[in-house]
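**Q** Sequence and predicted structure, then a few things I'm wondering about:
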Amino acid sequence: MDHVFIEGLEIEALIGIYDWERRIRQPLVFDIEMAFDNRIPAASDDIADTLNYKAVSKRLIEYVSASEFGLVETLAERCAAIVIEEFNVASVRLKLSKPGAVRGARAVGVQIQRTRST
Ligand SMILES: Nc1nc2c(c(=O)[nH]1)N=C([C@H](O)[C@@H](O)CO)CN2
């Protein structure tokens, strides 16, 4: 299966379980891999036939910027659902990193894989 990917998409959000985290915005980084048959846009050379990574990025920036969840698990799940439902993607792997959240670690976070239920 082919994929369309978005790597290192940085978005600031209000996220975290501690009081101090509810008062600031923190950078989050998304790495997203979406299953898609790229043979159709490759044959037509038409952007309308693609899974448009710019459109997906724009939608996630809008959603994540306005979100206020406590856990990265919750935000990752909602973002995967947006990709599957709004962009008709059959399967998505999404890694959500929270850089600098834990002293000594470059980043912490979650990685999930979700498949559309038919
Ligand atoms: N599995 C998780 N562990 C932790 C989370 C989380 O969202 N998922 N969040 C925190 C704090 O908000 C942390 O990021 C602040 O340093 C701790 N553990």
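**A** That came in fine, so what should we check first?
**Q** What residues does this structure have near the ligand?
**A** Within the chain, the positions lying close to the ligand (C-beta under 6 Å from any ligand atom) are 16-18, 21, 71-73, 98, 101-102. Any C-beta I mention is one placed from the backbone N, CA and C, and that applies to glycine too.
**Q** For PyMOL, what selects the buried ones among those residues?
**A** Per 16 or more other C-beta atoms under 10 Å, the buried members of the residues of the chain next to the ligand correspond to this PyMOL selection:
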select buried, resi 16+72+98+101
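**Q** I'd like the residues of the chain next to the ligand laid out as a markdown table, including secondary structure and pLDDT.
**A** Putting these into a markdown table (DSSP: H, G, I helix; E, B strand; the rest coil; pLDDT from 0 to 100) gives the following:
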| residue | secondary structure | pLDDT |
| --- | --- | --- |
| 16 | coil | 98 |
| 17 | coil | 98 |
| 18 | coil | 97 |
| 21 | helix | 97 |
| 71 | coil | 98 |
| 72 | helix | 98 |
| 73 | helix | 98 |
| 98 | strand | 98 |
| 101 | coil | 95 |
| 102 | coil | 97 |
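**Q** Rebuild the residues of the chain next to the ligand as TSV, extending it with distance to residue 53.
**A** Formatted as TSV, the residues of the chain next to the ligand follow (distance: C-beta to C-beta, whole Å):
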residue	distance to residue 53
16	28
17	31
18	33
21	30
71	26
72	22
73	24
98	22
101	26
102	30
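**Q** Measure how buried residue 15 is and give me the count.
**A** Under the neighbour criterion other C-beta atoms under 10 Å, residue 15 is assigned a count of 24.
**Q** distance of it from residue 68?
**A** According to C-beta to C-beta, to the nearest Å, residue 15 and residue 68 sit 7 Å apart.
**Q** got it, and residue 79?
**A** 14 Å.
**Q** before we move on, what about residue 115?
**A** Counting by C-beta to C-beta, the separation of residue 115 from residue 68 is 28 Å.
**Q** Endpoints of stretch 15-27, how far apart?
**A** 9 Å (C-alpha to C-alpha, to the nearest Å).
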